[in-house]
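Student: Give the three-dimensional model of this entry:
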Amino acid sequence: MGDTITAAAAIAPSAALPVTSPYFLHSSDQPNASLVTPPLDGNNFLTWHRAMTMALEAKNKISFIDGSLLRLAATSPDLPHWIRCNSMVRSWIVHSTIPTIAHNILWFDSARDAWLDLHTRFSQKNAPRIFEICRAISTLSQGMDSISAYYTTLKGHRDELSSYRSLPACTCGSVTELLAISEMDYLMDFLQGLNDSYAAVRSQILLMDPLPSVPKVYSLLL
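Tutor: Next comes the predicted model:
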């Protein structure tokens, strides 16, 4: 522990590092900062995971959690830099979770281990959330909302649902067909929830060949 502290203290200032280096820390980077809101509470893992990934990519620190920059050898001159940045990322993760979760990951030595632990514990709760999203989509209607508000709500549900259902890599062309089916389902969901005042234009859209995309239909309705 003493050796680690001594090594970290001897690290050269981040200003001496190029900004493209994963070891570069800006003066605004603080260990007690929460990178995303709301914090991880156990029920919002997917959105939290995506937001944290974006934040860490923006700070050029994603390599500390994706396995591409593991702990360096004791003889490496960059080890002090790694220790410092690893501790910074660990602290960001801790401060981006609620206290009960933060306490459980506080004792991990590497940011990647803390990240993988959170993924193992919370990424499996997909089925209940998928059920909630599908039910929300099936019951969604425009009602008193504007076209813009209705479209935004539906798109949010669809985007979240898609994040749970990543398509496998394929070279046979089936993925293109699956995407086309998914886009048609999206269009039907959108048209189905429109108010009856749009019945005439809805009928015209359904007669189009090929069917337009949802963003195109949205712009036409606007």
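Student: Leaving aside the residues adjacent along the chain, what's closest to the spatially most central residue of the chain?
Tutor: Centroid check for the chain by C-alpha atoms, centre = their mean gives R50 as the closest residue, at 1.1 Å. Of all residues beyond its chain neighbours, the one nearest R50 is S163 (6.9 Å), with distances taken as C-beta to C-beta, 6 or more residues apart in numbering. Every residue, glycine included, has its C-beta placed from N, CA and C.
Student: now L187
Tutor: Of all residues not flanking L187 in the chain, V214 sits nearest, at 5.3 Å (C-beta to C-beta, 6+ apart).
Student: I'd say the one you found and M184 touch.
Tutor: No. Counting by C-beta atoms under 8 Å, V214 does not reach M184; the two are 9.8 Å apart.
Student: With neighbour numbers in mind, choose between those two.
Tutor: V214 (20 against 14; other C-beta atoms under 10 Å).
Student: got the contact list for the more buried one?
Tutor: Applying C-beta atoms under 8 Å, 6 or more residues apart in numbering, we find V214 in contact with Y151, K155, E183, Y186, L187, F190.
Student: same for the one helix or strand the first one maps to, what does it pack against?
Tutor: Under DSSP states H and E, the secondary-structure element containing Y151 is helix 147-164. The criterion is 3 or more C-beta pairs under 8 Å, 6 or more residues apart in numbering; DSSP states H and E, and the helices and strands that helix 147-164 contacts are helix 45-58, helix 126-139, helix 174-192, helix 214-221.
Student: Give me the mean pLDDT for it.
Tutor: Mean pLDDT, helix 147-164: 89.
Student: Count the neighbours of S76 for me.
Tutor: 11.
Student: Excluding residues flanking it in the chain, which one is nearest it?
Tutor: Nearest one to S76, counting by C-beta to C-beta, 6+ apart, is W82 at 7.7 Å.
Student: what's the spacing between the one you found and D109?
Tutor: W82 is 12 Å from D109, where distance means C-beta to C-beta, to the nearest Å.
Student: So for these two, which residue has more residues nearby?
Tutor: Neighbours per residue (other C-beta under 10 Å) separate W82 from D109, with W82 holding more: 21 against 12.
Student: How much space separates the more buried one from I205?
Tutor: Separation of W82 from I205 (C-beta to C-beta): 56 Å.
Student: Also T153?
Tutor: Counting by C-beta to C-beta, the gap from T153 to I205 is 20 Å.
Student: If you count surrounding residues, which of the two has more?
Tutor: Legend: neighbour count by other C-beta under 10 Å for T153 and I205, higher for I205 (19 against 16).
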